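Q: no sequence for this one, just the structure:
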Ligand code: SF4
Ligand code: SF4
(Lines give C-alpha, C1' and ligand atoms only; values in the text may rest on other atoms or scores of the structure.)
(Ligands and ions follow the chains in the order given, each with its own letter.)
Protein backbone atom coordinates (compact mmCIF):
# COMPACT_ATOMS: atom_id res chain seq x y z
CA UNK A 1 0.00 0.00 0.00
CA UNK A 2 1.40 3.39 -0.95
CA UNK A 3 2.43 5.18 2.17
CA UNK A 4 0.58 8.36 3.08
CA UNK A 5 3.86 10.29 3.34
CA UNK A 6 4.43 9.67 -0.38
CA UNK A 7 0.99 10.95 -1.30
CA UNK A 8 1.67 14.19 0.54
CA UNK A 9 5.04 14.66 -1.22
CA UNK A 10 4.56 13.43 -4.75
CA UNK A 11 3.09 16.73 -6.01
CA UNK A 12 6.41 18.41 -5.15
CA UNK A 13 7.82 17.05 -8.41
CA UNK A 14 7.46 20.07 -10.68
CA UNK A 15 8.38 18.23 -13.87
CA UNK A 16 11.61 20.12 -14.47
CA UNK A 17 12.87 17.05 -16.34
CA UNK A 18 16.44 16.91 -14.96
CA UNK A 19 15.81 13.24 -14.15
CA UNK A 20 15.64 12.36 -17.85
CA UNK A 21 19.33 13.07 -18.35
CA UNK A 22 22.77 11.88 -17.28
CA UNK A 23 25.02 14.30 -15.33
CA UNK A 24 26.17 16.23 -18.42
CA UNK A 25 22.67 16.44 -20.01
CA UNK A 26 24.15 14.95 -23.19
CA UNK A 27 21.24 12.61 -24.00
CA UNK A 28 18.13 11.03 -22.53
CA UNK A 29 18.91 8.50 -19.80
CA UNK A 30 15.46 7.39 -18.56
CA UNK A 31 14.91 4.22 -20.66
CA UNK A 32 11.13 4.44 -21.26
CA UNK A 33 11.33 8.16 -22.05
CA UNK A 34 14.20 7.52 -24.46
CA UNK A 35 12.15 4.74 -26.06
CA UNK A 36 8.75 6.47 -26.41
CA UNK A 37 9.55 10.23 -26.16
CA UNK A 38 6.23 11.09 -24.54
CA UNK A 39 6.27 13.06 -21.29
CA UNK A 40 4.05 10.50 -19.57
CA UNK A 41 6.87 7.96 -19.92
CA UNK A 42 9.38 10.23 -18.14
CA UNK A 43 9.84 10.19 -14.37
CA UNK A 44 7.98 13.48 -13.82
CA UNK A 45 5.14 12.48 -16.13
CA UNK A 46 4.82 9.15 -14.38
CA UNK A 47 4.76 10.82 -10.95
CA UNK A 48 2.05 13.25 -12.05
CA UNK A 49 -0.01 10.38 -13.42
CA UNK A 50 0.31 8.58 -10.09
CA UNK A 51 -0.75 11.74 -8.25
CA UNK A 52 -3.75 12.26 -10.52
CA UNK A 53 -4.75 8.60 -10.09
CA UNK A 54 -4.43 8.79 -6.28
CA UNK A 55 -6.59 11.93 -6.24
CA UNK A 56 -9.19 10.36 -8.49
CA UNK A 57 -8.56 12.84 -11.32
CA UNK A 58 -7.84 10.05 -13.82
CA UNK A 59 -9.47 6.63 -14.00
CA UNK A 60 -7.37 3.47 -13.88
CA UNK A 61 -6.86 1.92 -17.31
CA UNK A 62 -4.62 -0.84 -18.57
CA UNK A 63 -2.67 1.79 -20.51
CA UNK A 64 -2.10 3.89 -17.37
CA UNK A 65 -0.85 0.80 -15.53
CA UNK A 66 1.44 -0.15 -18.42
CA UNK A 67 3.02 3.32 -18.36
CA UNK A 68 3.86 2.77 -14.68
CA UNK A 69 5.27 -0.66 -15.43
CA UNK A 70 7.55 0.53 -18.25
CA UNK A 71 9.81 2.04 -15.57
CA UNK A 72 12.81 -0.29 -15.40
CA UNK A 73 13.60 0.90 -11.83
CA UNK A 74 17.04 1.90 -13.12
CA UNK A 75 17.37 4.76 -10.59
CA UNK A 76 18.81 7.30 -13.02
CA UNK A 77 16.14 9.72 -11.79
CA UNK A 78 17.25 9.30 -8.19
CA UNK A 79 20.79 10.27 -9.21
CA UNK A 80 19.73 13.33 -11.16
CA UNK A 81 16.68 14.85 -9.45
CA UNK A 82 17.80 17.94 -7.46
CA UNK A 83 14.95 17.70 -4.94
CA UNK A 84 15.26 16.34 -1.38
CA UNK A 85 12.80 13.58 -2.18
CA UNK A 86 15.06 12.12 -4.92
CA UNK A 87 15.97 8.95 -2.95
CA UNK A 88 12.24 8.13 -2.67
CA UNK A 89 11.25 8.32 -6.35
CA UNK A 90 11.51 4.61 -7.15
CA UNK A 91 9.72 3.82 -3.86
CA UNK A 92 6.85 6.04 -5.01
CA UNK A 93 6.59 4.20 -8.31
CA UNK A 94 6.83 0.80 -6.57
CA UNK A 95 4.27 1.99 -3.99
CA UNK A 96 1.78 2.92 -6.71
CA UNK A 97 2.33 -0.46 -8.38
CA UNK A 98 1.70 -2.21 -5.08
CA UNK A 99 -1.59 -0.31 -4.76
CA UNK A 100 -2.56 -1.56 -8.21
CA UNK A 101 -1.59 -5.13 -7.24
CA UNK A 102 -3.74 -4.90 -4.08
CA UNK A 103 -6.69 -3.70 -6.13
CA UNK A 104 -6.11 -6.45 -8.71
CA UNK A 105 -5.64 -3.84 -11.43
CA UNK A 106 -2.46 -4.82 -13.26
CA UNK A 107 -1.65 -5.39 -16.92
CA UNK A 108 -1.88 -9.03 -18.12
CA UNK A 109 1.88 -9.29 -18.71
CA UNK A 110 2.54 -8.34 -15.08
CA UNK A 111 -0.10 -10.81 -13.87
CA UNK A 112 1.55 -13.58 -15.93
CA UNK A 113 4.93 -12.74 -14.39
CA UNK A 114 3.46 -13.15 -10.88
CA UNK A 115 1.63 -16.38 -11.80
CA UNK A 116 4.83 -17.91 -13.18
CA UNK A 117 6.87 -17.09 -10.07
CA UNK A 118 4.03 -18.20 -7.80
CA UNK A 119 3.56 -21.53 -9.58
CA UNK A 120 7.06 -22.37 -10.77
CA UNK A 121 9.45 -20.34 -8.59
CA UNK A 122 10.74 -18.52 -11.70
CA UNK A 123 9.29 -15.97 -14.17
CA UNK A 124 10.10 -18.09 -17.23
CA UNK A 125 7.50 -20.68 -16.24
CA UNK A 126 10.01 -23.53 -16.47
CA UNK A 127 10.02 -26.65 -14.35
CA UNK A 128 11.44 -26.43 -10.84
CA UNK A 129 12.99 -29.86 -11.35
CA UNK A 130 15.02 -28.43 -14.27
CA UNK A 131 16.51 -25.60 -12.23
CA UNK A 132 19.91 -27.28 -12.06
CA UNK A 133 19.78 -28.90 -15.53
CA UNK A 134 22.72 -26.62 -16.52
CA UNK A 135 24.86 -27.63 -13.56
CA UNK A 136 26.53 -30.77 -14.92
CA UNK A 137 27.72 -32.21 -11.64
CA UNK A 138 28.30 -28.91 -9.82
CA UNK A 139 28.43 -29.69 -6.12
CA UNK A 140 25.29 -29.09 -4.03
CA UNK A 141 25.83 -26.85 -1.02
CA UNK A 142 26.57 -28.77 2.17
CA UNK A 143 27.11 -27.41 5.68
CA UNK A 144 30.75 -26.38 6.02
CA UNK A 145 31.10 -25.00 2.46
CA UNK A 146 32.31 -21.41 2.61
CA UNK A 147 29.94 -19.95 0.01
CA UNK A 148 26.50 -20.69 -1.30
CA UNK A 149 26.46 -19.77 -5.00
CA UNK A 150 22.96 -18.33 -5.53
CA UNK A 151 22.45 -18.82 -9.27
CA UNK A 152 19.09 -17.07 -9.76
CA UNK A 153 16.38 -17.64 -12.38
CA UNK A 154 18.25 -16.40 -15.45
CA UNK A 155 21.45 -18.24 -14.48
CA UNK A 156 19.39 -21.40 -14.04
CA UNK A 157 17.20 -21.29 -17.15
CA UNK A 158 18.28 -18.65 -19.67
CA UNK A 159 20.74 -19.92 -22.28
CA UNK A 160 23.15 -16.99 -21.80
CA UNK A 161 22.70 -17.01 -18.03
CA UNK A 162 23.61 -20.70 -17.98
CA UNK A 163 26.82 -19.95 -19.90
CA UNK A 164 27.69 -17.38 -17.21
CA UNK A 165 26.94 -19.84 -14.41
CA UNK A 166 29.08 -22.56 -16.01
CA UNK A 167 32.00 -20.16 -16.54
CA UNK A 168 31.85 -18.92 -12.97
CA UNK A 169 31.73 -22.48 -11.61
CA UNK A 170 34.84 -23.32 -13.68
CA UNK A 171 36.69 -20.24 -12.35
CA UNK A 172 35.70 -20.99 -8.75
CA UNK A 173 36.81 -24.62 -9.15
CA UNK A 174 40.14 -23.54 -10.65
CA UNK A 175 40.66 -21.18 -7.68
CA UNK A 176 39.74 -23.86 -5.14
CA UNK A 177 36.74 -21.92 -3.77
CA UNK A 178 34.68 -23.90 -1.28
CA UNK A 179 31.12 -23.52 -2.55
CA UNK A 180 27.94 -25.30 -3.56
CA UNK A 181 24.57 -24.54 -5.18
CA UNK A 182 20.99 -25.18 -4.08
CA UNK A 183 19.86 -26.75 -7.35
CA UNK A 184 16.09 -27.26 -7.51
CA UNK A 185 15.84 -26.09 -3.87
CA UNK A 186 16.49 -22.52 -4.99
CA UNK A 187 13.55 -20.06 -5.37
CA UNK A 188 13.40 -16.80 -7.31
CA UNK A 189 15.20 -14.06 -5.30
CA UNK A 190 12.12 -11.83 -5.58
CA UNK A 191 13.93 -8.62 -6.58
CA UNK A 192 11.67 -8.00 -9.58
CA UNK A 193 8.60 -9.19 -7.68
CA UNK A 194 9.29 -6.44 -5.14
CA UNK A 195 9.88 -3.84 -7.85
CA UNK A 196 6.61 -4.87 -9.53
CA UNK A 197 4.78 -4.32 -6.23
CA UNK A 198 3.72 -7.87 -5.21
CA UNK A 199 4.80 -7.52 -1.58
CA UNK A 200 3.02 -10.66 -0.31
CA UNK A 201 4.73 -12.90 -2.87
CA UNK A 202 8.04 -11.17 -2.19
CA UNK A 203 7.77 -11.96 1.52
CA UNK A 204 6.95 -15.61 0.76
CA UNK A 205 10.05 -15.93 -1.46
CA UNK A 206 12.27 -14.31 1.16
CA UNK A 207 10.92 -16.68 3.81
CA UNK A 208 11.40 -19.78 1.63
CA UNK A 209 14.96 -18.88 0.62
CA UNK A 210 15.95 -17.69 4.11
CA UNK A 211 14.59 -20.87 5.69
CA UNK A 212 16.69 -22.95 3.33
CA UNK A 213 19.81 -20.87 4.04
CA UNK A 214 19.20 -21.23 7.77
CA UNK A 215 18.66 -25.01 7.64
CA UNK A 216 21.96 -25.42 5.80
CA UNK A 217 23.86 -23.00 8.04
CA UNK A 218 24.75 -20.69 5.14
CA UNK A 219 26.92 -17.75 6.28
CA UNK A 220 28.14 -16.32 2.97
CA UNK A 221 26.25 -16.02 -0.30
CA UNK A 222 27.75 -15.11 -3.65
CA UNK A 223 25.26 -14.21 -6.37
CA UNK A 224 25.60 -14.52 -10.12
CA UNK A 225 23.09 -11.75 -10.72
CA UNK A 226 23.05 -8.12 -9.45
CA UNK A 227 19.28 -8.32 -8.98
CA UNK A 228 19.61 -11.19 -6.50
CA UNK A 229 22.53 -9.39 -4.85
CA UNK A 230 20.39 -6.29 -4.36
CA UNK A 231 17.42 -8.18 -2.89
CA UNK A 232 19.56 -10.22 -0.50
CA UNK A 233 21.78 -7.33 0.54
CA UNK A 234 19.15 -4.66 0.98
CA UNK A 235 15.75 -6.31 1.47
CA UNK A 236 16.23 -9.73 3.09
CA UNK A 237 17.76 -8.41 6.38
CA UNK A 238 14.63 -6.36 7.14
CA UNK A 239 12.68 -9.64 7.02
CA UNK A 240 14.99 -11.38 9.49
CA UNK A 241 17.66 -12.92 7.24
CA UNK A 242 21.28 -12.73 8.38
CA UNK A 243 24.25 -13.62 6.13
CA UNK A 244 27.03 -11.91 4.18
CA UNK A 245 26.29 -11.28 0.50
CA UNK A 246 28.72 -10.69 -2.35
CA UNK A 247 28.31 -10.22 -6.06
CA UNK A 248 30.59 -12.60 -7.92
CA UNK A 249 32.70 -9.73 -9.33
CA UNK A 250 33.64 -8.77 -5.75
CA UNK A 251 34.76 -12.30 -5.00
CA UNK A 252 36.65 -12.61 -8.31
CA UNK A 253 38.46 -9.35 -7.61
CA UNK A 254 39.48 -10.70 -4.21
CA UNK A 255 40.62 -14.02 -5.67
CA UNK A 256 42.76 -12.20 -8.25
CA UNK A 257 44.31 -9.94 -5.59
CA UNK A 258 45.21 -13.03 -3.55
CA UNK A 259 46.73 -14.69 -6.63
CA UNK A 260 44.23 -17.53 -6.47
CA UNK A 261 43.10 -16.63 -9.99
CA UNK A 262 45.96 -15.64 -12.32
CA UNK A 263 44.58 -14.49 -15.68
CA UNK A 264 46.85 -15.16 -18.63
CA UNK A 265 47.13 -12.67 -21.55
CA UNK A 266 43.97 -12.08 -23.55
CA UNK A 267 44.30 -9.19 -25.98
CA UNK A 268 41.03 -7.28 -26.31
CA UNK A 269 39.58 -3.77 -26.26
CA UNK A 270 36.75 -3.91 -23.76
CA UNK A 271 34.04 -1.52 -22.61
CA UNK A 272 31.94 -2.23 -19.53
CA UNK A 273 28.23 -1.83 -18.80
CA UNK A 274 27.45 -0.96 -15.16
CA UNK A 275 24.33 -2.96 -14.25
CA UNK A 276 21.84 -0.71 -12.40
CA UNK A 277 21.56 -3.09 -9.43
CA UNK A 278 25.33 -3.21 -8.96
CA UNK A 279 26.10 0.43 -9.77
CA UNK A 280 23.43 2.94 -8.83
CA UNK A 281 21.82 0.63 -6.25
CA UNK A 282 24.98 -0.62 -4.54
CA UNK A 283 27.87 1.59 -5.70
CA UNK A 284 29.86 -1.40 -6.97
CA UNK A 285 31.66 0.36 -9.79
CA UNK A 286 35.33 -0.48 -9.34
CA UNK A 287 35.55 -4.22 -8.63
CA UNK A 288 34.29 -5.34 -12.07
CA UNK A 289 36.69 -2.87 -13.71
CA UNK A 290 39.59 -4.08 -11.56
CA UNK A 291 38.88 -7.67 -12.64
CA UNK A 292 38.98 -6.63 -16.31
CA UNK A 293 42.17 -4.56 -15.85
CA UNK A 294 43.88 -7.49 -14.14
CA UNK A 295 43.83 -9.46 -17.41
CA UNK A 296 47.07 -8.78 -19.29
CA UNK A 297 46.30 -7.42 -22.76
CA UNK A 298 42.85 -6.06 -21.91
CA UNK A 299 42.45 -2.37 -22.71
CA UNK A 300 39.44 -0.94 -20.86
CA UNK A 301 37.71 1.97 -22.56
CA UNK A 302 34.70 3.76 -21.10
CA UNK A 303 31.44 4.64 -22.76
CA UNK A 304 30.59 8.32 -22.42
CA UNK A 305 27.85 7.45 -19.91
CA UNK A 306 29.36 5.21 -17.26
CA UNK A 307 29.13 4.42 -13.55
CA UNK A 308 26.24 6.43 -12.01
CA UNK A 309 25.40 7.77 -15.50
CA UNK A 310 25.22 4.35 -17.17
CA UNK A 311 22.24 3.78 -19.47
CA UNK A 312 20.11 0.79 -18.38
CA UNK A 313 19.79 -2.18 -20.80
CA UNK A 314 16.01 -1.95 -20.46
CA UNK A 315 15.60 -5.33 -18.79
CA UNK A 316 15.05 -4.21 -15.18
CA UNK A 317 11.76 -4.14 -13.29
CA UNK A 318 10.70 -7.39 -14.95
CA UNK A 319 11.01 -5.96 -18.46
CA UNK A 320 13.48 -8.67 -19.45
CA UNK A 321 10.43 -10.96 -19.50
CA UNK A 322 7.46 -8.59 -19.95
CA UNK A 323 9.10 -6.51 -22.69
CA UNK A 324 6.80 -3.51 -22.19
CA UNK A 325 9.47 -1.32 -23.81
CA UNK A 326 9.33 -3.52 -26.94
CA UNK A 327 12.00 -3.62 -29.62
CA UNK A 328 12.84 -1.10 -32.31
CA UNK A 329 15.84 1.12 -32.99
CA UNK A 330 15.25 3.24 -29.89
CA UNK A 331 14.97 0.28 -27.51
CA UNK A 332 17.42 0.89 -24.64
CA UNK A 333 19.54 -2.17 -25.43
CA UNK A 334 20.00 -1.13 -29.08
CA UNK A 335 20.84 2.45 -28.10
CA UNK A 336 23.39 1.14 -25.61
CA UNK A 337 25.15 -1.29 -27.98
CA UNK A 338 25.55 1.58 -30.45
CA UNK A 339 27.19 3.59 -27.66
CA UNK A 340 29.43 0.63 -26.84
CA UNK A 341 30.42 0.20 -30.50
CA UNK A 342 31.32 3.91 -30.75
CA UNK A 343 34.10 3.38 -28.18
CA UNK A 344 35.96 1.16 -30.68
CA UNK A 345 35.76 -1.79 -28.26
CA UNK A 346 35.44 -5.28 -29.69
CA UNK A 347 33.92 -6.66 -26.47
CA UNK A 348 31.03 -5.25 -24.44
CA UNK A 349 31.60 -6.72 -20.97
CA UNK A 350 28.65 -7.17 -18.63
CA UNK A 351 28.20 -8.50 -15.10
CA UNK A 352 24.53 -9.45 -15.24
CA UNK A 353 22.58 -12.19 -17.07
CA UNK A 354 19.82 -9.75 -18.00
CA UNK A 355 22.31 -7.35 -19.66
CA UNK A 356 23.98 -10.32 -21.39
CA UNK A 357 20.83 -11.43 -23.20
CA UNK A 358 19.41 -7.94 -23.82
CA UNK A 359 22.67 -6.83 -25.48
CA UNK A 360 23.30 -10.11 -27.31
CA UNK A 361 19.90 -9.71 -29.00
CA UNK A 362 20.54 -6.00 -29.65
CA UNK A 363 23.90 -6.71 -31.32
CA UNK A 364 22.11 -8.99 -33.80
CA UNK A 365 19.38 -6.39 -34.42
CA UNK A 366 22.05 -3.71 -35.03
CA UNK A 367 23.92 -5.99 -37.44
CA UNK A 368 27.04 -5.79 -35.27
CA UNK A 369 27.62 -9.54 -35.16
CA UNK A 370 31.33 -10.19 -35.59
CA UNK A 371 32.16 -6.56 -34.71
CA UNK A 372 31.04 -6.34 -31.07
CA UNK A 373 30.91 -9.43 -28.87
CA UNK A 374 28.87 -9.34 -25.66
CA UNK A 375 30.58 -11.30 -22.88
CA UNK A 376 30.00 -11.60 -19.19
CA UNK A 377 33.05 -10.96 -16.96
CA UNK A 378 32.83 -14.58 -15.76
CA UNK A 379 33.26 -15.74 -19.38
CA UNK A 380 36.15 -13.34 -20.04
CA UNK A 381 37.99 -14.53 -16.91
CA UNK A 382 37.28 -18.17 -17.73
CA UNK A 383 38.80 -17.67 -21.20
CA UNK A 384 41.93 -16.17 -19.65
CA UNK A 385 42.54 -19.08 -17.27
CA UNK A 386 45.78 -20.87 -18.12
CA UNK A 387 45.12 -24.03 -20.11
CA UNK A 388 45.04 -27.21 -18.00
CA UNK A 389 48.16 -29.36 -18.39
S1 SF4 B 1 11.44 13.85 -10.34
FE2 SF4 B 1 12.80 15.58 -9.77
S3 SF4 B 1 14.05 15.98 -11.60
FE4 SF4 B 1 12.31 14.70 -12.24
S5 SF4 B 1 10.79 16.15 -12.98
FE6 SF4 B 1 10.31 15.75 -10.82
S7 SF4 B 1 11.40 17.36 -9.67
FE8 SF4 B 1 12.28 17.35 -11.74
S1 SF4 C 1 13.86 4.53 -12.39
FE2 SF4 C 1 14.76 4.75 -14.45
S3 SF4 C 1 13.11 4.10 -15.83
FE4 SF4 C 1 12.14 4.53 -13.85
S5 SF4 C 1 11.49 6.67 -13.99
FE6 SF4 C 1 13.54 6.64 -13.04
S7 SF4 C 1 14.97 6.98 -14.76
FE8 SF4 C 1 12.99 6.36 -15.64
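A: Great, that's in hand. Keep in mind that what you see is a predicted model, and the values were worked out from it rather than measured. Ligands and ions are numbered 1, 2, ... in the order given.

Q: which residues does stretch 125-145 contact?
A: Stretch 125-145 is touched from outside by 116, 119-122, 148-149, 155-157, 162, 165-166, 169, 178-184, 186, 216-218, with contacts defined as CB atoms under 8 Å, 6 or more residues apart in numbering. All C-beta spots, glycine's among them, are computed from the backbone N, C-alpha and C.

Q: go on, stretch 40-50?
A: 10, 13-17, 19-20, 30, 32-33, 35, 38-39, 58, 64, 67-68, 70-71, 77, 81, 89, 92-93, 96.

Q: check these against ligand 1, which are close?
A: Restricting those to those touching ligand 1 (CB under 6 Å from any ligand atom) yields 13, 14, 15, 16, 17, 19, 77, 81, 89.

Q: please pick the buried ones from the residues you listed.
A: Buried members of these, counted by 16 or more other CB atoms under 10 Å: 13, 17, 19, 77, 81, 89.

Q: those residues into TSV, with extra columns for pLDDT, distance to residue 235 and secondary structure?
A: As requested, those are exported to TSV (pLDDT from 0 to 100; distance: CB to CB, whole Å; DSSP: H, G, I helix; E, B strand; the rest coil):
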residue	pLDDT	distance to residue 235	secondary structure
13	95	25	coil
17	96	30	coil
19	97	24	helix
77	98	20	helix
81	98	23	coil
89	97	18	helix
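
Q: farthest-apart pair in those, please.
A: 17 and 89 (13.4 Å; CB to CB).

Q: please enumerate the helices of the stretch 1-150 of the chain.
A: Using DSSP state H, counting those that start in this stretch, the helices of the stretch 1-150 of the chain run over 4-7, 31-36, 43-54, 62-69, 76-80, 89-102, 108-120.

Q: would TSV of those with distance to residue 202 be doable?
A: Formatted as TSV, these follow (distance: least, CB to CB, whole Å):
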stretch	distance to residue 202
helix 4-7	18
helix 31-36	23
helix 43-54	20
helix 62-69	16
helix 76-80	20
helix 89-102	10
helix 108-120	10
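
Q: and residue 289, which of those is closest to it?
A: Nearest of these to residue 289, taken as CB to CB: helix 76-80 at 18.8 Å.

Q: who does the closest one touch, helix- and strand-wise?
A: Applying 3 or more CB pairs under 8 Å, 6 or more residues apart in numbering; DSSP states H and E, we find helix 76-80 packed against helix 89-102.

Q: relative to helix 43-54, how tilted is the helix it packs on?
A: On the basis of axes from the mean of the first three to the mean of the last three CA atoms, to 10 degrees, helix 89-102 is oriented at 40 degrees to helix 43-54.

Q: residues from the protein in reach of ligand 2?
A: Taking CB under 6 Å from any ligand atom as the contact definition, the chain meets ligand 2 at 19, 30-32, 43, 46, 71-77, 90.

Q: from the residues you listed, which would you call buried?
A: Taking 16+ other CB under 10 Å as the criterion, what is buried in these is 19, 30-32, 43, 46, 71-77, 90.

Q: so where is the chain shaky, pLDDT-wise?
A: Within the chain, the stretches with pLDDT under 70 are 1-5, 389.

Q: strands of that one, start to end?
A: Using DSSP state E, the strands found in the chain span residues 147-150, 179-180, 220-223, 244-247, 268-272, 298-300, 347-350, 373-376.

Q: so for this protein, the centremost residue is which one?
A: Nearest to the geometric centre of the chain sits residue 227, at 4.2 Å (CA atoms, centre = their mean).

Q: quick check: residue 79 touching residue 308?
A: Yes. Shown here, residue 79 and residue 308 form a contact pair, counting by CB atoms under 8 Å, at 5.1 Å.

Q: between these two, who's got more neighbours?
A: Neighbours were counted for residue 79 and for residue 308 using other CB atoms under 10 Å; residue 79 has more, 21 against 17.

Q: before we move on, the earlier item: do you know which of the helices of the stretch 1-150 of the chain lies nearest residue 345?
A: helix 31-36 (21.5 Å).

Q: what does that closest one contact?
A: Contacts for helix 31-36 (CB under 8 Å, 6+ apart): 20, 27-28, 39, 41-43, 45, 67, 70-72, 74, 311-312, 314, 325-326, 328, 330-332, 335.

Q: mark which of these are buried, thanks.
A: Buried members of the contacts of helix 31-36, scored by 16+ other CB under 10 Å, are 20, 28, 41-43, 45, 67, 70-72, 74, 311-312, 314, 325, 331-332, 335.

Q: where does residue 189 fall, phi/psi-wise?
A: Backbone torsions of residue 189, given as degrees, to the nearest 10, read phi -70, psi -30.

Q: fine, thanks again, bye for now.
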